[in-house]
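# Any chance you can model this:
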Amino acid sequence: MSTLSVIIPAYNAAPFLAQAVLSLVAQRRRPDEVVIVNDASTDGTRRVLERLRRKTKQFAIIAAENAENLGGGATRNRAVALAKGDYLFCLDADNLLLPDTLHLFLERAEQARAMEGRPAVICSEALQFFRDRFLVPRLNWVRIGKRLGERWEFFNLSRTAILTNPVSPASSGNYLYHREIFERSGGYAEDCGAYDAWVFGVRNCLAGYPFLAVPGVSYLHRLHPRSYWEQDILKDNRRDHMMRAFGNFRHVYTEETFDYLQAVRRIGRLDWSRLKLRVS
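Numbers count the residues shown, from 1 in each chain. You can find the predicted model right below:
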């Protein structure tokens, strides 16, 4: 029987971490372990984590702490190194899963491996965005789902779509994958800020692993100004992060694409339709 580890990188996640873990406790198929790496937080994340370790009985919580702030990529890689599961799911510390997510994802992963003889990346067909005001008492998932209006939908999971579309599972990085995929893809990027998950997803794609979607919404993504992505936007080196991320794939994109990227002054204005792929 396959084992499942959920990894959670946590930086200044004290207001949200307990809710993320509670969404794992509520799973129909609970993880065998949850690995949480505190990335040198300066708020109360350590206290919240210790309390969760003492009080959570449904699965083991493996806790570690970086001596200095290393960023999302390095923290995710460390969490994977500590995890023992055959399958891994990366849950951001400020986000939530619906109760059937892990059961349906693992079921789909096992089916794909049995049919194709190789693992696949398993993602949600849609991500639902929410803000704190939509969180109702006792985390009533059904009411949350009906009240939220903004979502990402992944209709096209082809190689070309993942490489030339900002709305793809690679962009979110929150999906289930087999340890083999992590090892063969090379893990998360550690030198390009919040693009670390995108680089990992593209590496998965280029390594030949298919992306398969479970129908409906399985993942709830919190929008708030303290998120990893929003904080990275405020940094002066954000554009450098983008260029280092794309620099991993100079063999994939044309020189014209990199000329265009060099000319981009505002990251929010990046026109993904201008990203052209080399003929393979």
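# longest helix in this structure, by residue count?
helix 101-116 (DSSP state H).
# now for it, which elements pack on it?
Using 3 or more C-beta pairs under 8 Å, 6 or more residues apart in numbering; DSSP states H and E as the contact test, the elements touching helix 101-116 are strand 4-10, strand 87-90, strand 121-130, strand 176-178, strand 211-222. Every C-beta, even on glycine, is put in place using the N, C-alpha and C of the backbone.
# now with 10 Å?
Helix 101-116 sits against strand 4-10, helix 17-25, strand 87-90, strand 121-130, strand 176-178, strand 211-222, with contacts defined as 3 or more C-beta pairs under 10 Å, 6 or more residues apart in numbering; DSSP states H and E.
# after the helix or strand bottoming out on mean pLDDT in the chain comes which helix or strand?
When each helix and strand of the chain is scored by mean pLDDT, DSSP states H and E, helix 141-147 comes last, with a mean of 38. Per DSSP states H and E, helix 141-147 leads on to strand 151-153 as the next helix or strand towards the C-terminus.
# what's the offset of that next one from the middle of its chain?
On the basis of C-alpha atoms, centre = their mean, to the nearest Å, strand 151-153 is displaced by 15 Å from the centre of the chain it belongs to.
# Which strands and helices lie in contact with it?
With 3+ C-beta pairs under 10 Å, 6+ apart as the test, strand 151-153 has strand 121-130, helix 169-172, strand 211-222 packed against it.
# Next SSE downstream of that strand?
Sequence order places helix 159-163 as the next helix or strand after strand 151-153, per DSSP H and E.
# What is that next one packed up against?
Partner elements for helix 159-163 (3+ C-beta pairs under 10 Å, 6+ apart): helix 169-172, helix 196-206, strand 211-222.
# Only the buried residues of that helix, if you could.
R159, A161, I162, L163 (16 or more other C-beta atoms under 10 Å).
# now, which of the residues you listed sits nearest L24?
Distances from L24 to the buried residues of helix 159-163, taken as C-beta to C-beta, are shortest for I162 (27.1 Å).
# I figured that closest one hits G201, correct?
Yes - the criterion here is C-beta atoms under 10 Å, and I162 meets it with G201 at 6.9 Å.
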